[in-house]
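Peer 1: quick one, what's the 3D model for this:
(chains A and B)
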Amino acid sequence: MPANVEELKDLSAEDRGRLELAGLDVGETERSGSFFQIDQEIRHAHSGTEGIEVLPIAEALQKYDWLKDYYWKAVDRDKDKFTKFVAKQEVQKGFAVIARKGAKAIYPLQACLFLAGAKVQYLHNIVIAEEGAELHLISGCVSGAETKGGSHIGVTEFYIGKNARVTSTMIHNWSESISVFPRSASIIEEGGVFLSNYVCMQPVRHIDMYPTATLKGENAVARFSSVVVAHPGSTLDLGSRAILAAPGTSAEIVSRMITRGGTIISRGEIRGEVPETRGHIECRGLILKDGLIHAIPEIAGSVVETELSHEAAVGRIARDEIEYLMSRGLDEETATATIIRGFLDVKIRGLPEMLQRQIDGAIDAAESGF
Amino acid sequence: MLEITDLHVSIGDREVLHDINLTIPDGETHVMMGPNGSGKTTLLRTIMGFAGNEVTAGSIVFNGEDVTRLPLHERAERGMGMLYQRPPTIAGLKLGKLLEVTAREHRERIPALAAELNMDRFLDRDVNAGFSGGEIKRSEVLQLLVQDPTFTMLDEPESGVDIENISLIGTAISRLLEKDQHIVKRHKSGLIITHTGYILDYIDADYGHVLCDGVFKCHGNPREILKSIKTHGYQECEECQRT
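Peer 2: Model prediction:
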């Protein structure tokens, strides 16, 4: 582990580049706060915004006794071997972000989880937005250029209060030898909005996650968007689940997947448990090279007045689309890349422009690889 | 500009165009008519170089160069362009982005051209997704104005277009073919497939051709040919021995 790294800017130029690819602002100029953990060492946690705190989780649990009411409440500590592993650790790592009533961050908060050499990096995060608060979290999960092997296990619990608004944008930039097991869940109160965005364009060995949003307050909204590419040797088992548990709640799960030879299992589940609820799942997959895209959208409605739908399509780029662009003067390679870039272009409603640019940037950086 | 000699084209095992000869000089616009299934679109697609239209004999010479075996995009680079009757929808790709990528020069003209064709509101929309008939044609003409070909093929530019749009599209096509320029300055050429002839109200075509069953049956004044077809249908053309 690079012991002399205290701040993001102390990393090697190459690793800083990898962080930037994951949407992190190494200069921290356009960020309202930062958290930086290398392996198991928390190097940095601060907030520059009034009413919003960014603390190491262990410190936050000591400082605020009430935080235990949020600790392992959205995610079940006995859910699986990964949550059990995190729960049994004596010293907790990870962060707590607490946005007090009405606090609003203009710039995003960034969390940088850097896997340098540890066999396992684990953390437990809690994000709380109190009534009317607004915060935008961008998490860059990155391994170093020299990192060989390792696992990242991250538990994150989101609590979105009444009329609060939280966006969580996670960009992964791992490598072929890393396995990743995020375990996250969110609870959304009345009128709360939770947008969860996930981008993974780079190779990874294995990612396994199935975040769940429980919309327990009236008119709460959850939207999950993901853009992923599976390279040869990568297995991405991804899903998002929304439980519509109060009248007027709605959820949307949108995914764009490309395989270049790897495996993608794209799960999605929306449960309509009360009247006046709406949900939609949209999965689209492109197979560029033989691999696997297995879309498993599930919708389960248990009352008359819930409206749920899903659409899924998996295939290759249509020849007539490529020829259409070729007839406008693009060579086959450029025509194909232009269509793929369009395919991946998911504009996320309600996401600050700056974060949309980060997502676009992460996708553009990978685009030349097609 | 374009010289097609003794061209035979097959799709799969079936020959669909037989012994086609066609010359379109610089600055001329020709019109092609013929019954459905006679091979008009196949001829345009063969000239443009789409896969699946196999040239079994003959040649296509464009500006002095034999392009018969040249890939599609290289023909576009050399100045060929095509307006599609039914273009594909490309999910996710924004029309504005497509225009930016295909503009070889003068990208700054895109917003003004889009406004002229009432397409400025469509630049952020996925290409052809949910476009009406008129919107598709306006999008096609806009793409061609940005691409700026010297030889433009138009596959039924008026089909599915209402009266209001036809004037807009007709005027823009006329500009694309430099019909607004003095004949001496006019260098661009075109080949238009039309069933109705409405487009001829906006573009003075120089020459007309009738294609029946993959064979050119008639060449001449486009308005006279159109008038005759309107009166007698294609029956006479099919039976006509003159080629």
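Peer 1: got the contact list for the residue nearest to residue A:183 when sequence neighbours are not counted?
Peer 2: Excluding its sequence neighbours, the residue lying closest to residue A:183 (C-beta to C-beta, 6 or more residues apart in numbering or on different chains) is residue A:155, at 4.7 Å. Just so you know, the C-beta spots here come from the backbone N, C-alpha and C atoms, and that holds for glycine as well. The neighbours of residue A:155, taking C-beta atoms under 8 Å, 6 or more residues apart in numbering or on different chains as the test, are A:75, A:82-83, A:86, A:94, A:123-125, A:182-184.
Peer 1: just these now: which is nearest chain B?
Peer 2: residue A:182 (26.4 Å; C-beta to the nearest C-beta).
Peer 1: what's the helix or strand for the closest one?
Peer 2: Assigned by DSSP states H and E, residue A:182 falls within strand A:178-188.
Peer 1: so which residues of the chain form helices?
Peer 2: With no chain named, the answer covers chain A. Counting by DSSP state H, chain A has helices at residues A:13-21, A:57-63, A:81-87, A:319-326, A:332-343, A:353-367.
Peer 1: wait, chain B was what I had in mind.
Peer 2: Under DSSP H, chain B gives helices at B:40-48, B:72-77, B:95-102, B:110-116, B:133-147, B:163-176, B:222-232, B:235-239.
Peer 1: same list (the ones you listed) but as CSV, adding distance to residue A:351 and mean pLDDT.
Peer 2: Shown next, in CSV, are the helices of chain B (distance: least, C-beta to C-beta, whole Å; pLDDT from 0 to 100):
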stretch, distance to residue A:351, mean pLDDT
helix B:40-48, 41, 96
helix B:72-77, 36, 96
helix B:95-102, 19, 93
helix B:110-116, 26, 93
helix B:133-147, 28, 94
helix B:163-176, 36, 89
helix B:222-232, 54, 87
helix B:235-239, 60, 75
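Peer 1: so which of those helices gets nearest residue B:61?
Peer 2: Nearest to residue B:61 among the helices of chain B is helix B:40-48; the distance by C-beta to C-beta comes to 10.8 Å.
Peer 1: buried set for that closest one?
Peer 2: For helix B:40-48, the buried set under the neighbour-count rule, 16 or more other C-beta atoms under 10 Å in any protein chain shown, comprises B:40-48.
Peer 1: I'd like these written out as TSV, with distance to chain A added.
Peer 2: Output for the buried residues of helix B:40-48, formatted as TSV (distance: C-beta to the nearest C-beta, whole Å):
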residue	distance to chain A
B:40	17
B:41	13
B:42	14
B:43	15
B:44	10
B:45	9
B:46	13
B:47	11
B:48	6
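Peer 1: show me the contacts for whichever residue of chain A sits closest to chain B.
Peer 2: As assessed by C-beta to the nearest C-beta, chain B sits closest to residue A:342 within chain A, at 2.9 Å. With contact set as C-beta under 8 Å, 6+ apart, residue A:342 has these partners: B:90-94, B:97, B:126-127.
Peer 1: repeat that for 7 Å
Peer 2: Applying C-beta atoms under 7 Å, 6 or more residues apart in numbering or on different chains, we find residue A:342 in contact with B:90, B:92-94, B:97.
Peer 1: from those, which one has the minimum pLDDT?
Peer 2: Lowest pLDDT of the contacts of residue A:342: residue B:92, 89.
Peer 1: I'd like to know which of the contacts of residue A:342 are buried.
Peer 2: By neighbour count, with 16+ other C-beta under 10 Å, the contacts of residue A:342 hold B:90, B:92-94, B:97 as buried.
Peer 1: tell me, which of the residues you listed make contact with chain A?
Peer 2: B:90, B:92-94, B:97 (C-beta under 7 Å from any C-beta of the partner chain).
Peer 1: show me what contacts the residue in chain B that chain A sits nearest to?
Peer 2: Closest approach between chain B and chain A, counting by C-beta to the nearest C-beta: residue B:93, at 2.9 Å. Residues near residue B:93 by C-beta under 7 Å, 6+ apart: A:338-339, A:342, B:126-127.
Peer 1: got it, and residue A:185?
Peer 2: The contact partners of residue A:185, taken as C-beta under 7 Å, 6+ apart, are A:74-75, A:157, A:211-212.
Peer 1: again, only this time at 10 Å
Peer 2: Residue A:185 sits next to A:73-76, A:79, A:155-159, A:210-214, A:241 when contact means C-beta atoms under 10 Å, 6 or more residues apart in numbering or on different chains.
Peer 1: for these, pick the one with the most neighbours.
Peer 2: residue A:213 (29 neighbours; other C-beta atoms under 10 Å in any protein chain shown).
Peer 1: skip the chain neighbours and tell me the closest residue to that one.
Peer 2: Closest residue to residue A:213 apart from its sequence neighbours, by C-beta to C-beta, 6+ apart: residue A:222 at 4.1 Å.
Peer 1: number of residues surrounding the one you found?
Peer 2: Residues near residue A:222, counting by other C-beta under 10 Å: 29.
Peer 1: so it touches residue A:216, yeah?
Peer 2: No. In this structure residue A:222 lies outside contact range of residue A:216 using C-beta atoms under 10 Å: 11.0 Å.
Peer 1: what's the overlap in contacts for these two?
Peer 2: By C-beta under 10 Å, 6+ apart, the residues touching both residue A:222 and residue A:216 are A:188, A:192, A:243-244, A:249.
Peer 1: make JSON lines out of those residues and add distance to residue A:352, pLDDT and neighbour count.
Peer 2: Below are the shared contacts of residue A:222 and residue A:216 laid out as JSON lines (distance: C-beta to C-beta, whole Å; pLDDT from 0 to 100; neighbours: other C-beta atoms under 10 Å in any protein chain shown):
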{"residue": "A:188", "distance to residue A:352": "19", "pLDDT": "98", "neighbour count": "31"}
{"residue": "A:192", "distance to residue A:352": "17", "pLDDT": "98", "neighbour count": "30"}
{"residue": "A:243", "distance to residue A:352": "27", "pLDDT": "98", "neighbour count": "23"}
{"residue": "A:244", "distance to residue A:352": "26", "pLDDT": "98", "neighbour count": "29"}
{"residue": "A:249", "distance to residue A:352": "23", "pLDDT": "98", "neighbour count": "30"}
